[in-house]
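Asks: Need coordinates for the following:
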Amino acid sequence: MKYAIPFAMAAAAVIGLAGCASTPKLAVVEPVGPAPTKGASGSGDGSLVIYSARIPAERDLNQDEWLSENDFGTTTLRYEPAHSPYTVYTKSGEYVEKVSNAFDETDATPSVVALPAGAYRVEAQALNCDGTRLLVTLPVVIESGQTTVVHLEGGWRPQGYVNNDVAKLPCGRIIGWRAPEGEFASTAQPPVN
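Replies: A predicted model of the protein is given here:
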């Protein structure tokens, strides 16, 4: 009996940790690229902007309890303005960089990241169609002088598109302009002739 309480506390901690670490992971196969343009592409680096899922706000349990008792269960989890961080890799899995995606928790503008032209893989948090959080891995294509924008928090509705023009999550949410998957970027140097 003397071990019952510590055992119960340890079991509760393990269950709690398992719940925190169980964010579903999803690979998105449609590559996202810059908006379609009719002009020639630019020169130099391109850029990447990702509207990842917002960072959850710190919870005040007293306020949450008061809200839930006074709004008949319609209170949802609150979020800070800042977008969650993400990581950029090459297709072969080589680490490129970790992007904080916000100056601080009050910064609602996602970071603009300069990258050499090529194709990359990004791992970021997204909101699924039902509002649940997902950790997605998706290909992104960077073109010289252009910006690739990815909308993982939802709510983006492009005008005048054909279904094949856009990349989507498996649930159907549009996340950006679809791009052909080109040669993927690598941190390895090209061979010298």
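Asks: tally of neighbours for Thr148?
Replies: Burial measure for Thr148: 25 neighbouring residues, criterion other Cβ atoms under 10 Å. Yep, even glycine has a C-beta here, placed from its N, CA and C like the rest.
Asks: close enough to count as contact, it and Val32?
Replies: Yes. With contacts defined as Cβ atoms under 8 Å, Thr148 counts as touching Val32 at a distance of 6.2 Å.
Asks: got any ranges where this structure has weak pLDDT?
Replies: Low-confidence regions of the chain, defined by pLDDT under 70, span residues 1-23, 38-41, 57-80, 181-193.
Asks: At which residues are the strands of it located?
Replies: Secondary structure of the chain by DSSP state E: the strands cover 25-27, 32-33, 46-51, 54-56, 79-83, 86-89, 95-99, 112-115, 118-127, 133-142, 147-151, 166-168, 174-178.
Asks: could you say what helices and strands the second one packs with?
Replies: What it means is strand 32-33. strand 133-142, strand 147-151, strand 174-178 (3 or more Cβ pairs under 8 Å, 6 or more residues apart in numbering; DSSP states H and E).
Asks: How about the third one?
Replies: Applying 3+ Cβ pairs under 8 Å, 6+ apart, one finds that strand 46-51 contacts strand 112-115, strand 118-127, strand 133-142, strand 147-151.
Asks: Just the CA trace of the second one, in PDB.
Replies: Taking only C-alpha atoms (Å, rounded to 0.1, in the frame of the first residue of the first chain), the coordinates of strand 118-127 have been written out as PDB:
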ATOM      1  CA  GLY A 118      15.700  24.600 -55.400                       C
ATOM      2  CA  ALA A 119      13.300  22.300 -53.600                       C
ATOM      3  CA  TYR A 120      13.300  21.600 -49.900                       C
ATOM      4  CA  ARG A 121      11.300  19.800 -47.300                       C
ATOM      5  CA  VAL A 122       9.700  21.700 -44.400                       C
ATOM      6  CA  GLU A 123       8.500  20.300 -41.100                       C
ATOM      7  CA  ALA A 124       5.900  22.600 -39.500                       C
ATOM      8  CA  GLN A 125       2.700  22.700 -37.400                       C
ATOM      9  CA  ALA A 126      -0.600  23.000 -39.300                       C
ATOM     10  CA  LEU A 127      -4.300  23.000 -38.500                       C
END
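Asks: Gly145 contacts Thr37, doesn't it?
Replies: No. Counting by Cβ under 8 Å, Gly145 does not reach Thr37; the two are 10.0 Å apart.
Asks: The two: which has the busier surroundings?
Replies: In this view Gly145 and Thr37 are compared by other Cβ under 10 Å, and Gly145 has more residues nearby, 15 against 10.
Asks: possible to save the helices and strands packed on strand 46-51 as TSV with distance to Asn163?
Replies: Supplementary listing: the helices and strands packed on strand 46-51 in TSV, determined by distance: least, Cβ to Cβ, whole Å:
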stretch	distance to Asn163
strand 112-115	28
strand 118-127	20
strand 133-142	18
strand 147-151	16
